[in-house]
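Peer 1: sequence unknown, structure follows:
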C-alpha cells in the first residue's frame, strides 16, 4: 500500500487540487440554503398578493396609418400633375418649332404616354407598393424630361443650322434601314437619331432611356472638316446593330464569335482558334465599318484613311490594344482599313479598293505584322493570319443572307448599298461641286461626292464643304417617321396595371437609371 501511494502520489495530489474547490463550493451553497430556510417567516403569516388581471394589448388606432398612405398617394398624384404640365408645355413647344420636330414622338409617346399609365395606376385603388413603384418610375421620367429639355435648348440656340444638316445626313443614312424594317415588320427599338454637340468623343446612344431616340453625339467643331462627316454613317450603323432585336446574338452565333476575349497568357495560346475568336471583341466595329462602307462607298474609306493614318509611327496603326484583361473593342486601324477595302471589292469598286490600300501601305511602309502586347513585349502576328480571318468574316456579312433581316442580303436592301449606278451619280455630282454648282440630290450622294471632290482637289476643301452644306440644307427633310412600338390596351384595374408593368421590366429599369443610359457602351474612337 505504501509503495502504491508513493507511485501515484502526484496523481492523488492533482486530483485533490481539482476536487477540493468544487466540494467546498457545494458545501457553502448547502449551508447558505439551510440558513435562509431557518430565517424565513411562515407562509401563513405572509399577506396574500393582490390579484392583477392580465394586461390587454393596446390596439393603435388606424388613423395614423391611413393618413400616411393617403399623404403618399396625394404626393404621387401631385408629382404626376407637375410632370404632366411640364411635359405638355415641352410638347406644345416642339410641335410649333420645326427645329424640335424630332423630339415630338419621344415627348408625346415615351414621356406623356407613360404618364398616362401612371395616372391609371394611381386612380385604380392603388396599394402602397404600387404607389411606391409609380413614384420610382416618375423619378426616371423626370430625368428623361430634363435631358429632353437640354436637347431642345441646344437646338434652339446657336449652331442650329449645322444640327439640321447633320440630322439630314443621319436620316439619309438610316432611312433605307428604317423603311426596310417597317416593311418587313422587324423589331427596331430606336429609329430616331438626334444630333447633340459637346465636349465628348464621336458616339451614339442606342435607344436612349427606353425611348426611340438615339442621341448622336458630335464633338465641337465637327462641321469644320469634311473628312469627319461620313463618320455619321458609322454611328448610325452602331444604332442599327444594337437596336434590331436579335441581331447581335444572331451574328455571334452564326460567326461562332464570343462577346469578350481575354488577353492570352502566353504565345502558346495564339493558335488559329484564338485568332478567329479575337474578332468577337471587334464585331460591333467591324459591322459598323461594313455598313458605313456599303452606305457611302469609297468616300467612307477615304475618310477612314485620313483619320487613321500615322506615317510618323506606322507600327502603331497595326497594334492590337487591350482594355485591362480584355482585348480592346477597336481593331487596329490598319486592319479596319483592310476590311473596308474588302467590302469595296464586294461592291464592285475594285480600282478604288486597290488604290486606297496602296496609298495606305505607301504611307506606312514595312509593316508586315500586327502587334500584340504579351508579357511586357510585343509579339508579331502575320498579315496572312489575320487577313484570312478578316476575309472570312467580311464575306459572311456581305455575301450571305441575314436571318435577322428575313433572309435578305445587305446589298439587297432597297436603296442601301453603294453600287455602280450610285457611283456614276456620285462621280457626276463631284464634278459639279468642283465647278462650284449647288446640288439637288440624295444627301448621302452629296456627302460622298463632296469627299471625293475634296480628295481630288484638296485646295478646294472649304468651298466644296460650303457648297455641300448649302445643298444639304436645301434638301433637309422633316424628321424620319419612326417605327411606332406596339401599345397594348389601357389597363382598367390595379391588377392589370401591375401585370402590364411587369411585362416590361427593362423599360422601368432604364427609366430609373437614366444617367447610366447616357453611356451604355464605350464610345467608339473614330479619330
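Peer 2: Cool, the structure landed. It should be emphasised that the depicted structure is a prediction, and the values quoted were computed from it without experimental measurement.

Peer 1: which residues of the chain score low on pLDDT?
Peer 2: For the chain, the stretches with pLDDT under 70 are 1-21, 37-67, 158-160, 475-527.

Peer 1: quick one, strands of it?
Peer 2: 192-198, 203-204, 213-219, 322-323, 326-327, 369-374, 377-382 (DSSP state E).

Peer 1: make TSV from these and add mean neighbour count and distance to residue 142 to it.
Peer 2: (C-beta placed from N, C-alpha, C; glycine too.) Shown next, in TSV, are these (neighbours: other CB atoms under 10 Å; distance: least, CB to CB, whole Å):
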stretch	mean neighbour count	distance to residue 142
strand 192-198	21	20
strand 203-204	24	24
strand 213-219	23	17
strand 322-323	14	34
strand 326-327	17	36
strand 369-374	19	45
strand 377-382	14	51
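
Peer 1: do you know how far residue 408 is from residue 180?
Peer 2: 8 Å (CB to CB, to the nearest Å).

Peer 1: give me the more crowded residue out of these two.
Peer 2: Shown here are residue 408 and residue 180; by other CB atoms under 10 Å, residue 180 has more neighbours (19 against 16).

Peer 1: so the more buried one versus residue 280, what's the distance?
Peer 2: The spacing between residue 180 and residue 280, counted by CB to CB, is 26 Å.

Peer 1: cool, residue 162 as well?
Peer 2: Residue 162 is 37 Å from residue 280, by CB to CB.

Peer 1: go on, residue 75?
Peer 2: 49 Å.

Peer 1: with neighbour numbers in mind, choose between the two.
Peer 2: More crowded of residue 75 and residue 280, by other CB under 10 Å: residue 280, with 18 against 12.

Peer 1: can you give me the helices for the stretch 101-250 of the chain?
Peer 2: 104-105, 112-122, 128-156, 160-184, 231-243, 247-255 (DSSP state H, counting those that start in this stretch).

Peer 1: go through those and name the closest to residue 224.
Peer 2: Distance to residue 224, taken as CB to CB, is lowest for helix 160-184 among these, at 9.6 Å.

Peer 1: quick one: that closest one to helix 231-243, angle?
Peer 2: Here helix 160-184 runs at an angle of 40 degrees relative to helix 231-243 (axes from the mean of the first three to the mean of the last three CA atoms, to 10 degrees).

Peer 1: can you list the buried residues in helix 160-184?
Peer 2: Across helix 160-184, burial judged by 16 or more other CB atoms under 10 Å covers 162-181.

Peer 1: now do stretch 287-302
Peer 2: Across stretch 287-302, burial judged by 16+ other CB under 10 Å covers 287-302.

Peer 1: which of these fall within helices?
Peer 2: Among the buried residues of stretch 287-302, the ones falling in helices (DSSP state H) are 287-296, 298-302.

Peer 1: among these, which pair sits farthest apart?
Peer 2: 287 and 302 (20.2 Å).

Peer 1: quick revisit: okay if I get the helices of the stretch 101-250 of the chain as CSV plus distance to residue 355?
Peer 2: Formatted as CSV, the helices of the stretch 101-250 of the chain follow (distance: least, CB to CB, whole Å):
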stretch, distance to residue 355
helix 104-105, 44
helix 112-122, 52
helix 128-156, 40
helix 160-184, 24
helix 231-243, 21
helix 247-255, 29
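
Peer 1: which parts of the longest helix along the chain are buried?
Peer 2: Longest helix of the chain, by residue count under DSSP H: helix 63-96. For helix 63-96, the neighbour count (16+ other CB under 10 Å) marks 73, 76-77, 79-80, 83-84, 87, 90-91, 93-94 as buried.

Peer 1: can you tell me which of these is nearest residue 454?
Peer 2: residue 94 (35.9 Å).

Peer 1: I figured the closest one hits residue 101, correct?
Peer 2: Yes. Counting by CB atoms under 8 Å, residue 94 does reach residue 101; the two are 6.9 Å apart.

Peer 1: quick one: residue 274 and residue 325, what's the gap?
Peer 2: Distance of residue 274 to residue 325, given as CB to CB: 15 Å.

Peer 1: I meant residue 387, not that one.
Peer 2: The value you get for residue 387 to residue 325, if CB to CB is used, is 26 Å.

Peer 1: which residues does residue 430 contact?
Peer 2: With contact taken as CB atoms under 8 Å, 6 or more residues apart in numbering, residue 430 is in contact with 449-450, 452-453, 456.
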